[in-house]
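Colleague: One predicted model, sequence on top.
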Amino acid sequence: MHAPKEETFDLVGYTNTDPKGVVRAVDVYEVHPWGLYLARPTPGRAQFHYLQSWLLPSLGLRATIFHFNPGHERDQDFYLDVGEYTPGAQRWHSRDHYLDLVLRTGSGVDLTDTDELVSAVRVGMLSQEDAELAITHAFAAVDGLARNDYDLNRWLSGLGMPVTWPAIGGGATAEPPGAR
């Protein structure tokens, strides 16, 4: 069992410090009233070479598109981490609450890692209150996505949180393959 993963997003230094303390350069940060967009390479990762994320504090979610390397593709368009996302003028902070949602646009969403959430509460790594909030956020997301044909962009736009997924280096579109 691992402690909740925590990250720091330094808007001034354009870095992202991951849960293991590794500092990575960030290509893009954009602060919006509803959240923080970031895009960065993922050096040293065999599975994917780039990621784009939206941290959405009011929803307790981080929505990510992973740009997979050949042979490591997964049947997902978005990966949503449930957690606590704290904005700041110069730094944002995240604390993962174990639950994750794997979204396939237009098709469905899977809730994962409930076993980790239960174990974390049992051993005292996550409070009962944080676990209840995580469950509330996860089920609100599943409900919102289901009501919008599992279209993350449509759901968020309807909440007044229009998100975009700009093309990354080389012109590859980051727009989810919802029409696949």
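Modeller: The structure has been received and is ready for your questions. No experiment lies behind these values; they were computed from the predicted model shown. Numbering: from 1, shown residues only.
Colleague: ok, Ala3 to Gly21 distance?
Modeller: 13 Å (CB to CB, to the nearest Å). All C-beta atoms are positioned from the backbone trio N, CA, C, and that covers glycine.
Colleague: Give me the more crowded residue out of these two.
Modeller: The neighbour count for Ala3 versus Gly21, taken as other CB atoms under 10 Å, is higher for Ala3 (12 against 8).
Colleague: What's the local residue count around the spatially closest residue to the more buried one that is not a sequence neighbour?
Modeller: Spatial nearest neighbour of Ala3, excluding adjacent residues (CB to CB, 6 or more residues apart in numbering): Met125 at 5.3 Å. As a burial measure, Met125 scores 15 neighbours (other CB under 10 Å).
Colleague: quick one: the nearest residue to Gly88 once chain neighbours are set aside from Arg91, how far?
Modeller: Closest residue to Gly88 apart from its sequence neighbours, by CB to CB, 6+ apart: Leu11 at 7.9 Å. According to CB to CB, Leu11 stands 6 Å off from Arg91.
Colleague: is it fair to say Lys20 lies in a strand?
Modeller: No - with DSSP: H, G, I helix; E, B strand; the rest coil as the criterion, Lys20 is located in coil rather than a strand.
Colleague: count of residues packed around it?
Modeller: If you count neighbours by other CB under 10 Å, Lys20 ends up with 7.
Colleague: Which of Leu11 and Arg91 has more residues huddled nearby?
Modeller: Between Leu11 and Arg91, Leu11 has the larger neighbour count (other CB under 10 Å), namely 18 against 15.
Colleague: avg pLDDT for the longest strand seen in the chain?
Modeller: In terms of residue count, the longest strand belonging to the chain (DSSP state E) is strand 91-104. When pLDDT is averaged over strand 91-104, the result is 97.
Colleague: And the contacts of the helix or strand following it?
Modeller: Next helix or strand after strand 91-104 toward the C-terminus (DSSP states H and E): strand 108-112. The contact list for strand 108-112 (CB atoms under 8 Å, 6 or more residues apart in numbering) reads 99-103, 138, 141-142, 145-146, 150.
Colleague: Could you pull out the strands in the protein for me?
Modeller: 6-10, 15-17, 23-25, 28-32, 35-41, 48-56, 61-68, 78-86, 91-104, 108-112.
Colleague: now for the fourth one, which elements pack on it?
Modeller: Put plainly, it is strand 28-32. Here strand 28-32 touches strand 35-41, going by 3 or more CB pairs under 8 Å, 6 or more residues apart in numbering; DSSP states H and E.
Colleague: Any stretches of this structure with poor pLDDT?
Modeller: For the chain, the stretches flagged by pLDDT under 70 are 48, 68, 72-73, 169-180.
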